[in-house]
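# coords please:
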Amino acid sequence: MKICIIGAGSTYTPEVLEGLLRLEEEINLTEISLLDIRQSEKKFAILSDFAGRMISKAKSNIKLTPTFDPLEAVSGADFVLNQFRPGLMEGRINDEKIPLKFNLIGQETTGIGGMACGIRAFPFMEKYVNLVNQQTNNAWIINFTNPSGMLTEFIVNYLNYENCIGLCNCPVEFIKQVSATYGCERDEVFMRYYGLNHLSWVDRFLVKGVDKTDEVFELVKLNMENIPDIDYDPDFLSNLRLLPNPYLKYYYNTRKMLATEIEEKRTTGTRGEVILKIEEELLGLYSEKERTTPPEELSKRGGYMYSTVATELIRSLVTSDERTHIVNIKNQGTITDFPDDFVLEIPVIIDRQGAKTIELGAANKAIVGLIYTIKNYERLVIEGYLSKNENLIKQSMLIHPLGPDEAQLEEVWSELKRVNREYFHWL
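Modelled structure (predicted):
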């Protein structure tokens, strides 16, 4: 079996490789191809060398193939893992800083920053999906590239590539906290979890088949490295009777989050600027010739446990172990309020054929409208890109709750185009 990692110059790669090495015999893994671009040559060389040392230390028989050639990397792959960053870290930092100029939330996946990130990714995603179509036997695409939900929607519903599953580490972090609280295995926790990527909620928790929802609401507090740690009013959550994904702070607590982002930009820098420093530290550690295991400092990077999610999903697809995974995939009757073709973040049972639906019934009425709005926003952005119609993209910006108002629209869009002109050349 061959696995291709696109964006293998990422500092996440050693953690992914560590997970894959544990699966080597179970999934008969024989080759891992690492793909990146020339602009990241120095970083890619450090990660490739470190990956080679990890494989040697493990006494593995896996063939490691670092390359800048997408055709070589993808050809014959059984799985293709997307973890590339369109526009590199400079693009992410722009996605954070440009909205802040207009007193809008600046974030790499949420709001207009996430929109710009998605638009930069579309042409690359088209190229890679075409290669997968031409050079593999219907390989599975596992997408972690942000914005993961929008890009999975693009691949599945617009590029019509069905063997694609989008991933996020947020759900498994919820489950990890609950399992730690009750001293049980992660597989013994079931969450009635639904929504979109970075726009999702939990309204029921089962631990070993017993409903522990009320207890969990009191005990669990989840914050992510990428998000300012701002608490909700306790009465708000108890009245909502939903546990929101941490990214929903941008919607439910917009003014506080915006003020925090502005202050961080002035003092420590945006999250992207902070990550640049973390990556410098990590690359220094990866460069140590005696090092053969990922350093603890990797947990500061954000995206923690992504490799766990990715490798466990691969195991289920290969071994048909029928474990439950929370992934971005077509609804197909899971939530009755939404069309079957909506790509949602939902629990499914995974076997060799892919996903089996778990019927969850109706969604909480408090969140149905927001999910529809953001899904319509995603689709307008995609359709604007495919039709080269910037008016559709501007419409999407206006309907997004974190987007500009009409008076700001042209100026915001002009600034996004100016800064991203290398990537928005199709306009």
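
# contacts and neighbour counts: CA atoms only from here.
Noted.

# can you name the next helix or strand after the helix or strand harbouring L285?
For L285, the enclosing helix or strand under DSSP states H and E is helix 271-286. Following helix 271-286 in sequence order, the next helix or strand is helix 306-319 (DSSP H and E).

# contacts only, for the nearest residue to T254 once chain neighbours are set aside.
Once flanking residues are discounted, T254 sits nearest to I105: 7.5 Å by Cα to Cα, 6 or more residues apart in numbering. I105 sits next to 96, 99, 111-112, 250, 254, 257-258, 261, 402 when contact means Cα atoms under 8 Å, 6 or more residues apart in numbering.

# can you give me the domain boundaries for the chain?
Following automatic domain parsing, the chain resolves into domains at 2-166+272-284, 374-419.

# worst-scoring helix or strand of the chain, pLDDT-wise?
helix 234-240 (a mean of 80; mean pLDDT, DSSP states H and E).

# next SSE downstream of that helix?
Counting by DSSP H and E, what follows helix 234-240 is strand 243-244.

# which neighbours in the sheet does that next one have, and how are they oriented?
Applying DSSP bridges, strand 243-244 is found paired with strand 199-207 (antiparallel).

# what about the partner strand, distance to the chain center?
19 Å (Cα atoms, centre = their mean, to the nearest Å).

# how about the strands in the stretch 301-427 of the chain?
Using DSSP state E, counting those that start in this stretch, the strands of the stretch 301-427 of the chain run over 323-330, 343-351, 354-357.

# which residues touch the last one?
Contacts of strand 354-357 with the rest of the structure, by Cα under 8 Å, 6+ apart, involve 163, 317, 332-334, 347-350.

# most surrounded residue in those residues?
P347 (26 neighbours; other Cα atoms under 10 Å).

# that one and L206: what is the separation?
Going from P347 to L206 by Cα to Cα, to the nearest Å gives 13 Å.

# overlap in contacts of those two?
Joint contacts of P347 and L206 (Cα under 8 Å, 6+ apart) are M191.

# quick one, grab the pLDDT at E215.
pLDDT recorded at E215 is 86.

# mind listing what the closest residue in space to R53 that isn't next to it in sequence touches?
What sits nearest to R53 in space, not counting adjacent residues and going by Cα to Cα, 6+ apart, is T292, at 5.6 Å. By Cα under 8 Å, 6+ apart, the contact set of T292 is 50, 53-54, 57.

# which of the contacts of strand 354-357 sits closest to T11?
Of all those, T11 sits closest to L317, with 25.4 Å by Cα to Cα.

# the closest one and E26, how far apart?
Per Cα to Cα, L317 is found 12 Å from E26.

# excluding chain neighbours, what is closest to Y193?
Once flanking residues are discounted, Y193 sits nearest to V202: 4.4 Å by Cα to Cα, 6+ apart.

# oops, could you answer that again for E96 instead?
In space, E96 comes closest to G106 once its chain neighbours are excluded; the distance is 3.9 Å by Cα to Cα, 6+ apart.

# gap between that neighbour and L285?
On the measure of Cα to Cα, G106 and L285 end up 30 Å apart.

# more crowded one of the two?
Legend: neighbour count by other Cα under 10 Å for G106 and L285, higher for G106 (30 against 17).

# the more buried one and E261 touch, don't they?
Yes: contact status for G106 versus E261: in contact at 7.5 Å, counting by Cα atoms under 8 Å.

# identify the contacts common to those two.
L100.
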